[in-house]
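Enquirer: I'd like to go over a predicted model; first the sequence, then the structure.
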Amino acid sequence: MNSIDAQEIPDRDPKPAYSYRQGTGEYVGETTADPDPLESDNWLVPAQATLVQPPAQEINKVAVWDGVQWASVDDLRGVKYSKVDGSAVLWSELGAIPEELTELPYPGPFNKWNGAEWKFDVEAEQLELASKTVIARDSLLAIAALRIAPLQDAVDVDDASPDDVAKLKKWKQYRVALNRIDQQAGYPTEIEWPVEPS
């Protein structure tokens, strides 16, 4: 290209240029390149911009400048979910999401990833409910043991009143009923807890 005298260069309008983000190269918008006042076929392109027009925008895609040309790259940034535990992850990179993440929202506890979707795990729910029930039952059994001990002591030393004997029987019946809750038809989803003696 020959450099010619500035007076011989005709007036020219600015030319469209296309900006990209430093680091990622993703298209960010249109700007302008001014004509070079010294060379008629040269343009002053701003930093992080090119005269090459990016491809039309597609859903979940973004144009990325690689230094030579534009490429259409997946843009799946946003909240994703771990296939391991369903925890929300803010994905901020361009390109495909990693295999351990999914875009399908985590429906809630006891759901497991089956390779294609979340599936409710009835067995896991039952195990969790059973575990919580055992903890609650054991707490009530400890209270019953505290109530039974002094009444049983009174019976053992022949110092129990008829009221003590009646209370002891009710507390022991209560304790037996607590120990049998796992035999109920609805266990562990539906439990009819025995009423604590007054």
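Expert: Now that the structure is in, tell me what you want to look at. Numbering: from 1, shown residues only.

Enquirer: What does the pLDDT read for the residue nearest the centre of the chain?
Expert: The chain has Ala88 as the residue nearest its centroid, 2.0 Å off, counting by Cα atoms, centre = their mean. pLDDT, Ala88: 97.

Enquirer: tell me the average confidence for the longest helix seen in the chain?
Expert: In the chain, with assignment by DSSP state H, the single longest helix is helix 122-156. The average pLDDT within helix 122-156 is 95.

Enquirer: following it, which helix or strand shows up next?
Expert: helix 162-179 (DSSP states H and E).

Enquirer: just how off-centre is that next one within its chain?
Expert: 49 Å (Cα atoms, centre = their mean, to the nearest Å).

Enquirer: buried ones in that helix?
Expert: Neighbour counts using 16 or more other Cβ atoms under 10 Å place Asp164, Lys167, Leu168, Lys170, Trp171, Lys172, Tyr174, Arg175, Leu178 of helix 162-179 among the buried residues. Every residue, glycine included, has its C-beta placed from N, CA and C.

Enquirer: For the protein, give me the ranges with low pLDDT.
Expert: Within the chain, the stretches with pLDDT under 70 are 1-10.

Enquirer: Neighbours of Ala33, how many?
Expert: 18 (other Cβ atoms under 10 Å).

Enquirer: Wait, Trp193 touches Arg180, no?
Expert: No: taking contacts as Cβ atoms under 8 Å, Trp193 lies outside contact range of Arg180: 11.4 Å.

Enquirer: Look up how far Thr102 lies from the closest residue to Trp113 other than its chain neighbours.
Expert: Once flanking residues are discounted, Trp113 sits nearest to Lys83: 4.0 Å by Cβ to Cβ, 6 or more residues apart in numbering. Distance of Lys83 to Thr102, computed by Cβ to Cβ, to the nearest Å: 6 Å.

Enquirer: Report the set of residues contacting both of the two.
Expert: Trp113 (Cβ atoms under 8 Å, 6 or more residues apart in numbering).

Enquirer: so who does Pro55 touch?
Expert: So Pro55 contacts Ala63, Trp70, Ser72 (Cβ under 8 Å, 6+ apart).

Enquirer: Can you select the buried ones from those in ChimeraX?
Expert: Applying 16+ other Cβ under 10 Å to the contacts of Pro55, the buried members can be selected in ChimeraX as follows:
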select :63,70
